[in-house]
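>>> here is a sequence with its predicted model. Questions after.
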Amino acid sequence: MKTLKTSKISVLTACVFVLALGTLAHGQDQAEDAARRQEAVRQATIVTPLRVDVVISRISAESGETISRLPYTLLVNANDGNITTLNMGAEVPVPTMMTPTVDGKPAPNVLQTGPVTYRSVGTNINIRQVRALEGGRFAMELRIEDSSVYDEGQNQRGAPVFRSFRASNNIVLRDGQSIEFTAAADRVSGEVVRAEVTLEVLE
């Protein structure tokens, strides 16, 4: 009987010990979760200066060689809620073609140049909603717009031909990381347009 009682006490003690270990482990998990949440909140309130490099390249469809490579640099602050914008370009004159009249009637198959209007071409880059994430990562919304005049682009009326490229997405980068933001082929020339983004944390 004494041995049986001793065995029961030992089993009960073991059960209590196991329950205590489980409670302790659960408490540790809760403490770690709370610490992670506090760290996430702290990171979300720290304004961190960042450098974002955007490179827009055009690749020949025939040779695969780089035709142009245009770099842009923007300085942004994570968690400050501001929008960083870069606009660079020019105003291109676009002639307005008009049909002359003869005796009050439109002259057939005849066009003449009318008033000149201007169209903006160039590159627009917007970075917004930059915020710090866990693990030293940063999320942002990036928008790129690029337009230009074809080197030999003229329609039958002598007006310039324009090409445009637009892309937007939410991306996540670490310090020193580079990604290919997007790549697309021009329908007219076949050139491939690529946009590469690099992030750097500034001290």
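That came through fine. Residues are numbered from 1 along each chain as shown.
>>> so how far is residue 161 from the nearest residue to residue 75 once chain neighbours are set aside?
Distances taken as CB to CB, 6 or more residues apart in numbering put residue 51 closest to residue 75, at 5.8 Å, once the chain neighbours are dropped. Quick note: C-beta positions are derived from backbone N, CA and C, even for glycine. Plainly put, residue 51 is 36 Å away from residue 161 if you go by CB to CB, to the nearest Å.
>>> and if you look at residue 128?
Applying CB to CB to residue 128 and residue 161 gives a distance of 32 Å.
>>> ok, residue 83 next?
Applying CB to CB, the value for residue 83 to residue 161 is 32 Å.
>>> three-state assignment of residue 135?
Of the three states, residue 135 takes helix under DSSP: H, G, I helix; E, B strand; the rest coil.
>>> now the closest residue to it other than its chain neighbours, which residues is it bridged with?
The shortest distance from residue 135 to any non-neighbouring residue, by CB to CB, 6+ apart, is to residue 174 (7.7 Å). Residues in a beta bridge with residue 174, per DSSP bridges, are residue 137.
>>> so who does residue 192 touch?
Shown in contact with residue 192 (CB atoms under 8 Å, 6 or more residues apart in numbering): 58-59, 61, 183-186.
>>> which strand in the protein runs the most residues?
When the chain is parsed with DSSP state E, its longest strand is strand 112-132.
>>> so which elements touch that strand?
In this structure, strand 112-132 packs against helix 2-45, strand 48-59, strand 66-78, strand 84-98, strand 137-154, strand 160-174, with contacts taken as 3 or more CB pairs under 8 Å, 6 or more residues apart in numbering; DSSP states H and E.
>>> okay, the angle between it and strand 66-78?
Interaxial angle, strand 112-132 versus strand 66-78 (axes from the mean of the first three to the mean of the last three CA atoms, to 10 degrees): 50 degrees.
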